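**Q** Structural data only, the sequence is not supplied:
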């Protein structure tokens, strides 16, 4: 059984947290948070059991998946929002016009693993739809307030919300 995880809601964020979130929502911040910081995190997090990571003080996991086209192993650090035992991911790519590669990897091969606090957890991924997606969208925005800004930036692309359930 996976222990219940918690995030800090918007009302619990510090002024420093809010400042970092505003920076992450900028184009430059978005670029750093989807390119530079993940490259560092995917090396530092396994060495420290997930205790050390770059960027915001948010729940972050390492997604272990296989490339949709190549079949090669991929490790991607991602902000997640806990919901009971589930891990909720948002395929925002900081509001880019296209879905992130990890989203395509999950839709091609939904049985993957996540690394949280130094432990590997096998999970199955699915995309949330309808009322569940709307409920989760509110939840993820309570964790990180930048997703609405990313959705505006993404234009016509509807940002997917993925639910990873332990198997």
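**A** Alright, I've got the coordinates. Since this is a predicted model, take the numbers as computed values, not measurements.

**Q** what about the nearest residue to residue 93 once chain neighbours are set aside, distance to residue 162?
**A** Closest residue in space to residue 93, ignoring its immediate chain neighbours: residue 100 at 4.2 Å, by C-beta to C-beta, 6 or more residues apart in numbering. Just so you know, the C-beta spots here come from the backbone N, C-alpha and C atoms, and that holds for glycine as well. Residue 100 sits 11 Å away from residue 162, taking C-beta to C-beta, to the nearest Å as the criterion.

**Q** same thing with residue 106?
**A** Per C-beta to C-beta, residue 106 is found 6 Å from residue 162.

**Q** Spell out which residues are contacts of both of those two.
**A** residue 125 (C-beta atoms under 8 Å, 6 or more residues apart in numbering).

**Q** Can you report how many residues neighbour residue 27?
**A** 10 (other C-beta atoms under 10 Å).

**Q** tell me the pLDDT at the residue nearest to residue 93?
**A** pLDDT, residue 100: 95.

**Q** and it, how far is that from residue 118?
**A** Residue 100 is 24 Å from residue 118, by C-beta to C-beta.

**Q** ok, back up a step: tell me which of residue 100 and residue 162 has more neighbours.
**A** residue 162 (23 against 20).

**Q** wait, what's in contact with the nearest residue to the more buried one once chain neighbours are set aside?
**A** For residue 162, ignoring the flanking residues on the chain, the nearest one in space by C-beta to C-beta, 6+ apart is residue 89 at 4.4 Å. Residues in contact with residue 89 (C-beta under 8 Å, 6+ apart) are 63, 78-80, 161-162, 164.

**Q** give me that answer again for 6 Å
**A** 78, 80, 162 (C-beta atoms under 6 Å, 6 or more residues apart in numbering).

**Q** you'd agree it is in a helix?
**A** No - counting by DSSP: H, G, I helix; E, B strand; the rest coil, residue 89 is not part of a helix but strand.

**Q** Return the per-residue confidence for it.
**A** At residue 89, pLDDT is 98.

**Q** Helices along this structure, start to end?
**A** All helices of the chain, identified by DSSP state H, fall at 15-25, 27-31, 37-47, 101-108, 130-143, 147-154.

**Q** Work out the gap between stretch 111-124 and the centre of the chain.
**A** The chain centroid and the centroid of stretch 111-124 are separated by 13 Å under C-alpha atoms, centre = their mean, to the nearest Å.

**Q** what sits up against it?
**A** Against stretch 111-124 from outside (C-beta under 6 Å, 6+ apart): 49-50, 61-65, 87, 110, 164-167.
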